[in-house]
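Participant: A structural model of the following input is requested.
(chains A and B)
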Amino acid sequence: MNVHFKTTVALLEGIVADLRRPHPFAAERAGFIGCKVSRCRTGTLILAHTYISLPDDWYVDDQRFGCVFNSQAMRAAMQFALTNDASMFHAHLHDHSGLPWFSRPDIRESARYVPDFWNVKPMLPHGTLVLSADAAAGLCWYPKAKKPIRISTITAVGCPMRFLGSTF
Amino acid sequence: MRGVHIRQSFLGEHTEELFARIRIGVVGLGGGGSHIAQQSAYLGIGRFAFFDPDFIDVPNLNRTVGATRADVIAKTPKVEVAERMVKSANPGAEVWAIQTEWQKDFDSLRACDVVFGCLDGFSQRAQLEESCRRALIPLIDIGMDVHKCDPYSISGQVVVSMPGEPCFRCLGFIRDKDLKEEGRRYGVAGGNPQVVWSNGVLASTAIGVFVQTLAPWCRIRTGSRFIGYDGDAFTLEHDARLKVASQAQCKHFTNIGDLGDPFWKP
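Facilitator: Numbering: from 1, shown residues only, chains lettered A, B, ... in the order given. Next up is the predicted model:
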């Protein structure tokens, strides 16, 4: 199964700008992207539409991790999914050049909270993205799947078009 | 074959690989679409989805690149002529030759990274734009007309609808009154005059816009575009409506419900 994640360049730039803002105590920021889904001949398209930025006070001061968010953040993302029939993707930034990848805590924690979105939208895929300055990688949990699959292509549509994903 | 694209290496170090992996859709393989197919193949585009239900007929032979008299006799589908032409320039290309209306194969359309619209009529264009916007696909539309006016005048356009930027309606390219007028004249239009040189100018410009979107060779960065063609004076000019439209957000494709497939199932 191929999963192609698409966003507009403008939305991507807005997300990166938000994730780059320093936080009073958290080492990194996070956010959620509300998406729609479509079938295509080569697999599934995840189509980004809305970015949910997390206010400073939705972060938890836990120095063991780069970023921990509280239940309000999850509630806001789940409410968005429910209201808009949206597929939700968590996003964070490793601000270097080249292809990023998830740390072990990233993978462990996302495997815990991403399936929570099935409580509100059980028939949609949800997932997580890690962005860098010029690339991106992602994992997608299909409904009822225990393990995520790697997003095969990540594209930012605009001028110039940016092909951020790992297999492009 | 190594070195085929060496003289376009100024487009960037990884452009050859990018072109080989990208998939373009061409909707309508007549006068304009056949030029698009041919030039894309020479560029090194590696994946194609061609949509056209028609066969090659005698009136197509004045402008459809690659079509022959033998194709008229054999009733060769236009998509097969395009496939043959692409493979003669780029034998490794993957071609989906879809001999049906594009509306009957959305799955293939949505798999495209960029779509070229080479259609007649505003209604078809409006439908194609909506489908492309649903899948965040840039749409590059070309079209020309020969108007009867003392004695004739040729005009045309290349219009780009880039997701997140002004759309055909924002640009004033598609207007309700044109759609209504087209609906009123439905079935009586007949075959519009078409000529190979104007098709070629517009298709070449569209290909240039496409390459600039993927592999910009200069500092100009524009997503949506509206380039008007004066086929009497042989000039191409940016339409002033783009500047106006760019100052406001698109109001026609903003909702989350405008994206994706509402009936998607895993």
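
Participant: distance check, the residue with the largest distance to the centre of chain A against residue B:25.
Facilitator: Most distant from the centre of chain A: residue A:41, at 23.7 Å, with distances by CA atoms, centre = their mean. Computed with CB to CB, to the nearest Å, the distance linking residue A:41 and residue B:25 is 11 Å. To be clear about C-beta, it is placed using only N, CA and C from the backbone, and glycine gets the same treatment.

Participant: what do those two both touch?
Facilitator: Shared contacts of residue A:41 and residue B:25 (CB atoms under 8 Å, 6 or more residues apart in numbering or on different chains): residue B:108.

Participant: what residues does chain A have near chain B?
Facilitator: A:6-11, A:34-42, A:45, A:47, A:49-50, A:84, A:86, A:123-125, A:142-144, A:155, A:157-161, A:163, A:168 (CB under 8 Å from any CB of the partner chain).

Participant: narrow these to those in helices?
Facilitator: A:9-11, A:84 (DSSP state H).

Participant: can you flag the buried ones in those?
Facilitator: When those are checked for burial by 16 or more other CB atoms under 10 Å in any protein chain shown, the buried set is A:9-11, A:84.

Participant: got a markdown table for those residues, with distance to residue B:169 and pLDDT too?
Facilitator: Listed next are these as a markdown table, based on distance: CB to CB, whole Å; pLDDT from 0 to 100:
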| residue | distance to residue B:169 | pLDDT |
| --- | --- | --- |
| A:9 | 21 | 95 |
| A:10 | 19 | 94 |
| A:11 | 21 | 97 |
| A:84 | 24 | 96 |
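
Participant: if we ignore the residues flanking it in sequence, what's nearest residue B:115?
Facilitator: residue B:25 (4.0 Å; CB to CB, 6 or more residues apart in numbering or on different chains).

Participant: what do you get for residue B:23?
Facilitator: residue B:47 (3.7 Å).

Participant: list the contacts for that neighbour?
Facilitator: B:21-24, B:93-95.

Participant: quick one on the thing from earlier: who does the helix or strand hosting the residue nearest to residue B:115 pair up with?
Facilitator: Using DSSP states H and E, residue B:25 falls within strand B:23-27. With DSSP bridges as the test, strand B:23-27 is paired with strand B:47-51 (parallel), strand B:114-117 (parallel).

Participant: dump the ones you listed to CSV, plus mean pLDDT.
Facilitator: Formatted as CSV, those follow (pLDDT from 0 to 100):
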stretch, mean pLDDT
strand B:47-51, 98
strand B:114-117, 98
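
Participant: redo those strands as CSV? Include distance to residue A:62.
Facilitator: Listed next are these as CSV, based on distance: least, CB to CB, whole Å:
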stretch, distance to residue A:62
strand B:47-51, 46
strand B:114-117, 44
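
Participant: from the chain's centre, how far out does the strand holding residue B:25 sit?
Facilitator: With CA atoms, centre = their mean, to the nearest Å as the basis, strand B:23-27 stands 8 Å off its chain's centre.

Participant: hmm, the helix or strand following it in reach of chain A?
Facilitator: Using DSSP H and E, the helix or strand that follows strand B:23-27 in sequence is helix B:31-43. No - under the criterion of CB under 8 Å from any CB, chain A is not reached by helix B:31-43; the shortest gap measures 14.9 Å.

Participant: by contact count, what packs against helix B:31-43?
Facilitator: Under the contact definition 3 or more CB pairs under 8 Å, 6 or more residues apart in numbering or on different chains; DSSP states H and E, helix B:31-43 sits against strand B:23-27, strand B:47-51, helix B:78-89, strand B:139-148, helix B:196-214.

Participant: the last one near chain A at all?
Facilitator: Looking back up the chat, that one is helix B:196-214. Yes - Helix B:196-214 lies within reach of chain A by CB under 8 Å from any CB, at B:212-214.

Participant: report the angle between that helix and strand B:23-27.
Facilitator: 150 degrees (axes from the mean of the first three to the mean of the last three CA atoms, to 10 degrees).

Participant: buried residues in helix B:196-214?
Facilitator: B:198-203, B:205-207, B:209-214.

Participant: and if you look at the first one?
Facilitator: Across strand B:23-27, burial judged by 16+ other CB under 10 Å covers B:23-27.

Participant: what about the helices in the stretch 151-266 of chain B?
Facilitator: Applying DSSP state H, counting those that start in this stretch to the stretch 151-266 of chain B gives helices spanning B:176-184, B:196-214, B:240-246.

Participant: which residue does chain A have closest to chain B?
Facilitator: residue A:36 (2.8 Å; CB to the nearest CB).

Participant: what bridges to that residue?
Facilitator: Under the criterion used (DSSP bridges), residue A:36 bridges to residue A:47.

Participant: in contact with it, which residues are there?
Facilitator: Here residue A:36 is in contact with A:46-47, A:49, A:86-87, B:256-257, B:259-261 (CB under 8 Å, 6+ apart).

Participant: pLDDT below threshold where in chain A?
Facilitator: Within chain A, the ranges that satisfy pLDDT under 70 run A:166-168.
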